[in-house]
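J.: have a look; sequence and predicted model below, questions after that.
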Amino acid sequence: MNKDMVYLDNSAVTRIDEEVLKAMKPYFFDTYAVATSEFAYTMGIEAKDALEEARATIADSLNADTEELIFTSGATESNNLALKGVMYNQKEKGHLIISDIEDFSVLNSAKKLEKQGYEVSYISVDEKGKVNIEELKESVRDDTVLVSIQHANQEIGTVQNIKEIAEYLEDKDILFHTDATHTFKRIPIDTQEVPVDLITISAHTIHGPRGIGALYKRKGVKIEKIMDGGFQEDNLRAGLENIPSAVGFAKAVELITEEENEKIKSLRDTLIEKVEEQIEDVTLNGSREDRSPQNANITFHYVEGESITLHLDMRGFAVSTGSACFSKSLEASHVILGIGGDHERAHGSIRFTFSRYNTKEDVNKIVEAIKDVVENLREISPLGKKGSE
Amino acid sequence: MSSPYSDKVIEYFQNPKNVGELEDPDGIAKEGSPACGDMVQLHLKVDEDTQKITDIKFRSYGCASNIATGSIITEMAKGSTIENAKDITWQEAADELGGLPAVKNHCSVLAVDALKEAIRDYEEKHGLVKEKVPTTMEVVKERLKHVMNPIHGLDVIKTNLIEDIEMKDKTIIVQVDLAEDHQFAPVVKEDIKEKLEPRWDIEEVIVKYK
């Protein structure tokens, strides 16, 4: 890969930080035992201590207790565990509510539950991607067990008012799960302030290792285990503990600073501002105000996203698109369609997501490149002003 | 690095030939739709004496396959007779480009269809269609092969999206295997109507949902 490549696909995965890798290394080579009980051999006890220390650090970042955190293999597993774990734990098949624009791991878990006889309501979002809270309230039934609404969207970055939703559901005695994969450590959640019951978090979006995530589960919330095997993770998630990655996850949590989040936010704002100023016929997808700091998602009308990403790739930029052509499934982004966008808007949408390693120079460079690319593609396109009359 | 595209596809993608429109074209065609993410527009000029395509221009809204095929097809057709141009197949275009990824077939087939449609348009406008072909079930099915199923990116006939076709006098009723509130329902309806309504012996096209 080109070393000068400007990587702006950080909501897919981030580059691991050297400090994180350094922290993990001893748990591959020196303290590589499984986490044993305190009555076993020294290396196992040390491994157990490292795992619990990592758990405490991560739990602390949510203002939660150490025992409220379950390590998983990542955001997908955490979302599966939250939805299926809660629903399977009921005596009767209850009702679940999610939004239209959830990540596939929530969406497809809900669809699987539907096939198994559970009822699911899907709540629409407005044109900015904000969940329609009135519709949510109307969808609540006597048998509603769980509501799962993401904190911020994976594609368009819209941040939901989870506090309002959590407080409403707390009064109704309904459990609330939020997928915070794209806000964890970027927009804090204080579990003492927000009465949320379950939170999905992951290391891959914060310069940690991939393959590790966690589910915050408020004390007293009951879930059924979905990965069967041994008694790890308080008998809620079987499988060998991934101690090196847990240690790396905790290190990644420690490394994120408020200054970094401010910097990322300012890069995002500069990109949006410059694109809107310099390129005609663009639409910012998602909310301008309530937006995750790392995300910009813009539709360039009359052109198709795969063509844009391919041109940008050839010039050394990595971005992603909601276009059907980009995906293996050839389906347009359900998120852009969910916010009332048409297919053309989905096909021409480009997601830019920033990280610790991006600079102001990167923003200047990509704006110049995209201006040129979009202009060239519009010259070819039969749609819009430059196309046929 | 393993790109799914051949060097030639990339070359045409970066520098497409024959882009644009023609003034007073003899034949025009538009295949695909923005909803499917791919669309090709073709304009051509035909020399009435020699029946050769003297000029041809295209525009493309789509991915690299779509742009590259649009470009190569104009080069292949330019200078050839309309009879020969009609016979250009997707496979020939794909071979000329050094191959295309299988998943992108539908994006590139559009350009080949557009060429055939533009020639048909020319023939109809210039009275070259000897007798008006009545709209039979075969004709309807053939026309519907030009309607994309956005769910799969393949045509609605091949993907069994059409449940039933009924023909009564000058009306065609097409039963589609989609719920009315499906995200693609309006797009599919519009495309079906667009392909069938211009038939000379048809007055109404009704699209019904599940």
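T.: Perfect, I can see it now. Being a predicted model, the structure only gives us computed values, none of them experimental. Numbering: from 1, shown residues only, chains lettered A, B, ... in the order given.
J.: only C-alpha atoms from now on, for both contacts and neighbour counts.
T.: Fine.
J.: show me the helices in chain B, by range?
T.: Per DSSP state H, chain B carries helices over the ranges B:7-14, B:64-77, B:82-86, B:90-96, B:105-125, B:137-144, B:185-196.
J.: tell me which element A:Lys265 falls in.
T.: For A:Lys265, the enclosing helix or strand under DSSP states H and E is helix A:258-278.
J.: same thing with A:Leu377?
T.: Under DSSP H and E, the secondary-structure element containing A:Leu377 is helix A:360-380.
J.: contacts for that helix, please.
T.: Contacts of helix A:360-380 with the rest of the structure, by CA atoms under 8 Å, 6 or more residues apart in numbering or on different chains, involve A:6, A:267, A:270-271, A:274-275, A:278-279, A:300, A:302-303, A:307-308, A:311-312, A:315, A:317, A:386-387, B:19-20, B:59-61.
J.: of the helices of chain B, which approaches A:Lys128 most closely?
T.: Between A:Lys128 and the helices of chain B, the tightest spacing by CA to CA is seen for helix B:185-196, at 22.9 Å.
J.: ok, and the closest non-adjacent residue to A:Pro293?
T.: Closest residue to A:Pro293 in three dimensions, ignoring its sequence neighbours and counting by CA to CA, 6 or more residues apart in numbering or on different chains: A:Lys265, at 4.4 Å.
J.: try A:Tyr7
T.: Excluding its sequence neighbours, the residue lying closest to A:Tyr7 (CA to CA, 6+ apart) is A:Ala318, at 4.9 Å.
J.: got the contact list for the one you found?
T.: A:Ala318 is in contact with A:5-9, A:309, A:312, counting by CA under 8 Å, 6+ apart.
J.: so which of the residues you listed belong to strands?
T.: Assigned to strands by DSSP state E, the following of the contacts of A:Ala318 qualify: A:6-7.
J.: quick one: list the elements packing against the helix holding A:Lys265.
T.: strand A:282-284, strand A:295-300, helix A:360-380 (3 or more CA pairs under 8 Å, 6 or more residues apart in numbering or on different chains; DSSP states H and E).
J.: buried ones in that helix?
T.: The neighbour-count check on helix A:258-278 (16 or more other CA atoms under 10 Å in any protein chain shown) flags A:261, A:263-265, A:267-272, A:275 as buried.
J.: switch those residues over to JSON lines; also include pLDDT.
T.: Written out in JSON lines, the entries for the buried residues of helix A:258-278 read as follows (pLDDT from 0 to 100):
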{"residue": "A:Asn261", "pLDDT": "98"}
{"residue": "A:Lys263", "pLDDT": "98"}
{"residue": "A:Ile264", "pLDDT": "98"}
{"residue": "A:Lys265", "pLDDT": "98"}
{"residue": "A:Leu267", "pLDDT": "98"}
{"residue": "A:Arg268", "pLDDT": "98"}
{"residue": "A:Asp269", "pLDDT": "98"}
{"residue": "A:Thr270", "pLDDT": "98"}
{"residue": "A:Leu271", "pLDDT": "98"}
{"residue": "A:Ile272", "pLDDT": "98"}
{"residue": "A:Val275", "pLDDT": "98"}
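J.: which of those residues sits closest to chain B?
T.: Proximity of these to chain B (CA to the nearest CA) peaks at A:Val275, which lies at 21.1 Å.
J.: gap between that closest one and A:Pro293?
T.: Between A:Val275 and A:Pro293 the distance is 17 Å, computed by CA to CA, to the nearest Å.
J.: give me the number of residues near whichever residue of the stretch 51-200 of chain A sits closest to chain B?
T.: In the stretch 51-200 of chain A, the residue found nearest to chain B is A:Asp100; the distance is 12.5 Å by CA to the nearest CA. Applying other CA atoms under 10 Å in any protein chain shown, we find 20 residues neighbouring A:Asp100.
J.: how about A:Ile165?
T.: Neighbour count of A:Ile165, defined by other CA under 10 Å: 20.
J.: related to what we said a few turns ago, could I have the CA atoms of the helix holding A:Leu377 written out in CSV?
T.: Coordinates of each C-alpha in helix A:360-380 appear next as CSV, following Å, rounded to 0.1, in the frame of the first residue of the first chain:
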residue,chain,number,x,y,z
LYS,A,360,-5.6,19.5,7.9
GLU,A,361,-3.4,18.8,4.9
ASP,A,362,-5.4,15.6,4.2
VAL,A,363,-8.6,17.6,4.1
ASN,A,364,-7.2,20.2,1.7
LYS,A,365,-5.9,17.5,-0.5
ILE,A,366,-9.1,15.5,-0.7
VAL,A,367,-11.3,18.5,-1.3
GLU,A,368,-9.1,19.4,-4.3
ALA,A,369,-9.2,15.8,-5.6
ILE,A,370,-12.9,15.3,-5.1
LYS,A,371,-13.7,18.6,-6.8
ASP,A,372,-11.8,17.4,-9.9
VAL,A,373,-13.3,13.9,-9.8
VAL,A,374,-16.9,15.0,-9.5
GLU,A,375,-16.5,17.6,-12.2
ASN,A,376,-15.1,15.0,-14.6
LEU,A,377,-17.8,12.4,-13.8
ARG,A,378,-20.5,15.1,-14.2
GLU,A,379,-19.1,15.8,-17.7
ILE,A,380,-19.9,12.2,-18.6
